[in-house]
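**Student:** fold the following and give me the result.
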Amino acid sequence: MLAHVTSAPGTDVPDIRIPDSLKPSDGRFGSGPSKVRPEQVTALAAVSSTYLGTSHRQAPVRSVVARLRAGLGQLFSIPDGYEVALGNGGTTAFWDVATFCLVERRSQHLAFGEFSSKFAQAVRAAPHLEEPQVIESPAGTHPQSRVAEGIDLYALTHNETSTGVMMEVRRPEGTPLPADGGGLVAVDATSAAGGLRVDPEQFDVYYFAPQKCFASDGGLWAALLSPAAVERVERLAEQGRWAPASLDLHIALENSRLEQTYNTPALATLLLFSEQVEWMLAGGGLEWSAGRCDRSAEILYTWAEQSDFATPFVGKPSERSHVVGTIDFVDAVDAARVAKVLRANGIVDTEPYRKLGRNQLRIAMFPAIEPDDVAALCACINHVVGALAS
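**Tutor:** Numbers count the residues shown, from 1 in each chain. So this is what the prediction gives:
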């Protein structure tokens, strides 16, 4: 059970003590880095003397990479011919990777929040590519992709971490498959992968980082690549398309096939990542881990809908994220103050995304977070709001 944390002298945090009986068993609700399960840390400690501090090109580390790649393939039920690639740098680096190695001439981007806009910004700055087509919608909603002439890559976002909007992953209606002349579908799944269901037949590139649903640290990217995506990567490399070696997807793919990364990865991140994938598989796979997120989301949004001071930020229930929930507060309740009191009681990282600028809390509901803890958090928020009003 969480202990009360006393506020530092001089702060404006009210001294409100949440009863231990209300508190969650674990107070981490951050949208990334996320809660790491203690069992993952125990597994890392158990191999610390034979794994940490060893060469990433030798058997101990390569065996973890092999476990991870195989586990991801199984978790997402990837079809024959799809491959799993790994590289350093996280999703931010992968936007540059895709700019160099996946977009042939022109891409289309759906922009509906801070992170879904960044890939478009990277493409727009690239001198070797044409101006991208960007389809935008207001925060709290998502736009729809549409077939357009000359587009060779459609960039989607499975879950917008900044706003708590999720969208179904599917190829733009009416577009032919890449084998028949259609564009690739590349999906940013950073906060979705492992927590939301996805059909691999609907994408060619599904890329993500491990610090969200996979309960690891950042600094690594993983990408599931269809045969069409692999063909694009290899063809652009053969044509001499230049890319820095650390951002070259062709080099990353070649190294991944050898169960290693091109340059030295964070070994702790790799093992924590692999342990979380295997935990998901042991529980029942993607359907099981997504089901945990479903239960957490039902708890959170039902509480908000029944509250007299809170409401879900995302209007359409079908677009409300099951992994990152955003909850607006009425003007009379200062969400930032509520978050400070929660933090002083050991319940952390419920603050909203800074650039969204709303009076709200943002609450992660990744698979590692217990649904019962989400329910406990809701009870704690009720207690704090009641105490602030008294």
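**Student:** CA only for contacts and neighbour counts going forward, please
**Tutor:** Fine.
**Student:** what strand or helix carries Ile363?
**Tutor:** According to DSSP states H and E, Ile363 maps onto strand 360-364.
**Student:** what pLDDT does Met1 get?
**Tutor:** In this prediction, Met1 carries a pLDDT score of 45.
**Student:** with the one 10 residues further on instead?
**Tutor:** Listed pLDDT for Thr11 reads 55.
**Student:** thinking again about what came up before, neighbouring contacts of the strand holding Ile363?
**Tutor:** 29-31, 34, 164, 323-329, 335-336, 339, 349-353 (C-alpha atoms under 8 Å, 6 or more residues apart in numbering).
**Student:** same question, stretch 175-183
**Tutor:** Val147, Ile151, Asp152, Leu153, Tyr154, Leu184, Ala228.
**Student:** which members of the residues you listed are positioned in helices?
**Tutor:** Per DSSP state H, helices hold the following members of the contacts of stretch 175-183: Ala228.
**Student:** among the contacts of stretch 175-183, which one lies nearest to Ala304?
**Tutor:** For these, the residue nearest Ala304 by C-alpha to C-alpha is Tyr154; the value is 34.5 Å.
**Student:** OK, contacts around Glu370?
**Tutor:** Arg292, Ser296.
**Student:** and the next helix or strand past the lengthiest helix in the chain?
**Tutor:** When the chain is parsed with DSSP H, its longest helix is helix 286-306. Following helix 286-306 in sequence order, the next helix or strand is strand 310-312 (DSSP H and E).
**Student:** quick one: strands adjacent to that next one?
**Tutor:** In the sheet, strand 310-312 lines up against strand 324-329 (antiparallel) (DSSP bridges).
**Student:** residues in contact with the strand it pairs with: which ones?
**Tutor:** Contacts of strand 324-329 (C-alpha under 8 Å, 6+ apart): 31, 161, 163-164, 191, 297, 300, 304, 309-314, 335, 352, 358-366.
**Student:** quick one: which of the contacts of stretch 175-183 is most hemmed in?
**Tutor:** Tallying neighbours with other C-alpha atoms under 10 Å puts Leu184 at the head of the contacts of stretch 175-183, with 29 neighbours.
**Student:** in CSV, list the contacts of stretch 175-183 along with pLDDT.
**Tutor:** Shown next, in CSV, are the contacts of stretch 175-183 (pLDDT from 0 to 100):
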residue, pLDDT
Val147, 94
Ile151, 97
Asp152, 98
Leu153, 98
Tyr154, 98
Leu184, 98
Ala228, 98
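**Student:** adding distance to Ser256, write the contacts of stretch 175-183 out as TSV.
**Tutor:** Converted to TSV, the contacts of stretch 175-183 look like this (distance: C-alpha to C-alpha, whole Å):
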residue	distance to Ser256
Val147	33
Ile151	29
Asp152	25
Leu153	23
Tyr154	25
Leu184	21
Ala228	18
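**Student:** which of the contacts of stretch 175-183 fall within strands?
**Tutor:** Here DSSP state E is the test, and these give Leu153, Tyr154, Leu184 as lying in strands.
**Student:** can I get the residues you listed in JSON lines including distance to Ala376?
**Tutor:** Below are the ones in strands among the contacts of stretch 175-183 laid out as JSON lines (distance: C-alpha to C-alpha, whole Å):
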{"residue": "Leu153", "distance to Ala376": "43"}
{"residue": "Tyr154", "distance to Ala376": "40"}
{"residue": "Leu184", "distance to Ala376": "43"}
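**Student:** from the residues you listed, pick the one nearest Arg343.
**Tutor:** Nearest to Arg343 among these: Tyr154, at 40.0 Å, using C-alpha to C-alpha.
**Student:** spatially central residue for the protein, please.
**Tutor:** Ser191 (1.5 Å; C-alpha atoms, centre = their mean).
**Student:** could you report the separation of that residue from Ala364?
**Tutor:** 9 Å (C-alpha to C-alpha, to the nearest Å).
**Student:** shared neighbours, these two?
**Tutor:** Contacts common to Ser191 and Ala364, judged by C-alpha under 8 Å, 6+ apart, are Ser31, Val323, Val324.
**Student:** can you give me the strands in the stretch 151-300 of the chain?
**Tutor:** Using DSSP state E, counting those that start in this stretch, the strands of the stretch 151-300 of the chain run over residues 153-157, 159-160, 165-166, 184-188, 205-208, 220-225.
**Student:** for Gly140, find the nearest of the ones you listed.
**Tutor:** strand 165-166 (6.1 Å).
**Student:** direction included, what does the strand holding Ile363 pair against?
**Tutor:** strand 324-329 (antiparallel).
**Student:** from the chain's centroid, how far away is the partner strand?
**Tutor:** Here strand 324-329 is found 17 Å from its chain centre; the criterion is C-alpha atoms, centre = their mean, to the nearest Å.
**Student:** quick one, the next helix or strand along the chain from that strand and strand 324-329 angle?
**Tutor:** The helix or strand immediately downstream of strand 324-329 is helix 335-344, counting by DSSP H and E. Here the directions of helix 335-344 and strand 324-329 differ by 120 degrees (axes from the mean of the first three to the mean of the last three C-alpha atoms, to 10 degrees).
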